[in-house]
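1. Got a sequence here, can you build the structure:
(one chain, ligands or ions: 2)
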Amino acid sequence: MEKKTLFDKVWDAHVVKSVPDGPDVFFIDKHFIHEVTSPVAFLNLEKRGVGVLYPNRTVGTPDHNVPTIDQDKTIKDKLSRMQVEKLRDNCKKHGIELHDLGTAHHGIVHVIGPELGITQPGMTIVCGDSHTSTHGAFGAIAFGIGTSEVEMVLATQCIMQSKPKKMRITVDGELGAGVTSKDIILYIISKISAAGATGYFVEYAGTAIQSLSMEARMTICNMSIEMGARGGLIAPDEVTFDYLKGKQYAPQGADWEAAVSEWKLLKTDEGATFDKEYSFDAADIEPMITYGTNPGMGIKVVGNIPTTDGMEGSNKKTYLKSLDYMGFQPGEAIKGKKVDFVFVGSCTNGRIEDIRAVAQFVKGKKKAENITAWIVPGSREVEKLAYEEGLVAILEAAGFELRQPGCSACLAMNDDKIPAGKYAVSTSNRNFEGRQGPGARTMLASPLTVAAVAVTGEICDPREVL
Ligand SMILES: CC(C)[C@H](C(=O)O)[C@@H](O)C(=O)O
Ligand code: SF4
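-> Ligands and ions are numbered 1, 2, ... in the order given. As a prediction, the model looks like this:
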């Protein structure tokens, strides 16, 4: 029998029609929409007089540009208000489920999908958003699409897709103390570069990956896109099933049993081949931080910023430009650099385990005076748990400011902007120039490292801060 990878199995099960030498017509099980990339798609449908084919396969939430204070009041920013209102109108008109601002399951689209059990193994999932790759943690094929494809999915529940190449990244062994899944993915990207997986769909495998919780797996799949991959996925296992069991949209009763036995088949066959393979040893991974302006520019927190040795021409120029933006010199240590802001949130690390990790670390401590510390839960559910578990009290006592759910300072489309020239250590996924505000300098790290930085006020090794 033909040996198949997990990716092949899910892909092949969703091809409606194979077009010789052309892209496949590909069926989409679930479609998430948010306020930024859906309005034009709906507008075009309207112009064409076309409806939404399967409204119950689409779920919406406003997340990108919503304010994170006073969410019960009218949104002040005009563009944001218009986009959120458009999303509301479009969902209402087409009978699409919407988790609106202030409702129990509002939040970042990639946080609420898994939380509600909408995201399930073996599914195909799309959203007009690159970090749709997050959902791959469940053994789903999940990827971002453009607005014209959003329109196509709304109208037909299908898109045209050429099958990407397949890559497997295996991480075996045990993680050291203070090393988290965020460090794994920052490490991988630093090794293979921000373009290293371009054209591939990545399967993450190995004992270090299997040992992770669902939330930690989501952090890894989330950042697949930051190394150029179309998406990333992890074979579902007992951890996945335990996470999903009893969730609102997960199958129930006899359907649950049937689903789990199907899901258990979703793994790469022994002997199946990949177009490219990488292997890493978990023991080599230490707490990581980025020093530059793409997520591949990462080093261990105890490391030095690379020198320009061996770099030439435009590469060297781009590298120095990036360091100049960050205000860093080649060869210097990153530890001890003063920081102004910390941001805990986003679809990478804005889930309850992340907030627990930060709260546990800062309990009984105070943030440093030079630090402004923002904590933005990924969803209302996360916010609720953070209150119930007493985490908010701990964080506020330490001097953190809690905001309401949304993308917030991850991309600073709302008022949550880091001022120009200031340094932010952030649990999010992108450190591009101006990402967190014009002129803002972003350094990506794990929630644990961010917590340690909040307390010391400078780049530090969380393993050394008691
Ligand atoms: C606004 C949206 C289209 C964008 C994306 O696709 O990822 C955003 O979520 C981001 O993280 O940059
Ligand atoms: S939290 Fe950040 S990365 Fe995630 S969807 Fe929002 S803007 Fe994009």
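2. Show me what from this protein comes close to ligand 1.
-> Val36, Thr37, His64, Asp129, Ser130, His131, Gly144, Leu411 (Cβ under 6 Å from any ligand atom). All C-beta spots, glycine's among them, are computed from the backbone N, C-alpha and C.
3. ok, the third one - contacts?
-> Think His64. The contact partners of His64, by Cβ atoms under 8 Å, 6 or more residues apart in numbering, come to His34, Glu35, Val36, Gly406, Cys407, Leu411, Met413.
4. Mind doing that once more with 6 Å?
-> Shown in contact with His64 (Cβ atoms under 6 Å, 6 or more residues apart in numbering): His34, Val36, Cys407, Met413.
5. on that earlier part again, which members of the residues of the chain next to ligand 1 are the farthest-apart pair?
-> Farthest apart among the residues of the chain next to ligand 1 by Cβ to Cβ are Gly144 and Leu411. That separation is 14.0 Å.
6. ok, those two, which is more surrounded?
-> Leu411 (21 against 17; other Cβ atoms under 10 Å).
7. How about the backbone phi and psi for that one?
-> Main-chain dihedrals, Leu411, degrees, to the nearest 10: phi -130, psi 0.
8. For it, which non-adjacent residue is spatially closest?
-> Arg435 (6.2 Å; Cβ to Cβ, 6 or more residues apart in numbering).
9. Near ligand 2, which residues of the stretch 151-300 of the chain are found?
-> Residues of the stretch 151-300 of the chain lying near ligand 2 (Cβ under 6 Å from any ligand atom): none found.
10. Identify the residue spatially nearest to whichever residue of the stretch 151-300 of the chain sits closest to ligand 2, adjacent ones excluded.
-> Among all residues of the stretch 151-300 of the chain, Asn222 sits closest to ligand 2, at 7.5 Å; criterion: Cβ to the nearest ligand atom. Sequence neighbours aside, Thr134 is the residue nearest to Asn222 in space, at 4.2 Å (criterion: Cβ to Cβ, 6+ apart).
11. quick one: the one you found and Cys221 touch, right?
-> Yes - the pair Thr134 / Cys221 is scored as a contact, 5.5 Å apart, by Cβ atoms under 6 Å.
12. So for these two, which residue has more residues nearby?
-> Neighbour count, other Cβ under 10 Å: between Thr134 and Cys221, Thr134 has more, with 34 against 29.
13. what about that one, is that helix, strand or coil?
-> What DSSP: H, G, I helix; E, B strand; the rest coil gives for Thr134 is helix.
14. Excluding sequence neighbours, find me the nearest residue to the residue of the stretch 251-400 of the chain found nearest ligand 2.
-> At 3.4 Å from ligand 2, Cys347 is the closest residue in the stretch 251-400 of the chain, using Cβ to the nearest ligand atom. With sequence-adjacent residues excluded and distances taken as Cβ to Cβ, 6+ apart, Cys347 is closest to His110, at 3.8 Å.
15. Now for that neighbour: which residues touch it?
-> Listed by Cβ under 6 Å, 6+ apart, the contact partners of His110 are His131, Thr134, Cys347.
16. what about the host helix or strand of it, distance to the chain center?
-> Counting by DSSP states H and E, the element that carries His110 is helix 109-115. The chain centroid and the centroid of helix 109-115 are separated by 10 Å under Cα atoms, centre = their mean, to the nearest Å.
17. Just the closest residue of the stretch 1-150 of the chain to ligand 1, please.
-> Ser130 (3.5 Å).
18. Correct me if wrong: that residue contacts Ile225.
-> Yes - with contacts counted by Cβ under 6 Å, Ser130 reaches Ile225, the gap being 4.7 Å.
19. higher neighbour count, these two?
-> Between Ser130 and Ile225, counted using other Cβ under 10 Å, Ile225 has the larger neighbour count: 24 against 18.
20. Can you list the strands that the lengthiest strand in the chain pairs with?
-> As assigned by DSSP state E, the longest strand anywhere in the chain is strand 165-172. The sheet places strand 165-172 alongside strand 200-205 (parallel), strand 276-281 (parallel), with pairing taken from DSSP bridges.
21. which parts of that strand are buried?
-> Lys165, Lys166, Met167, Arg168, Ile169, Thr170, Val171 (16 or more other Cβ atoms under 10 Å).
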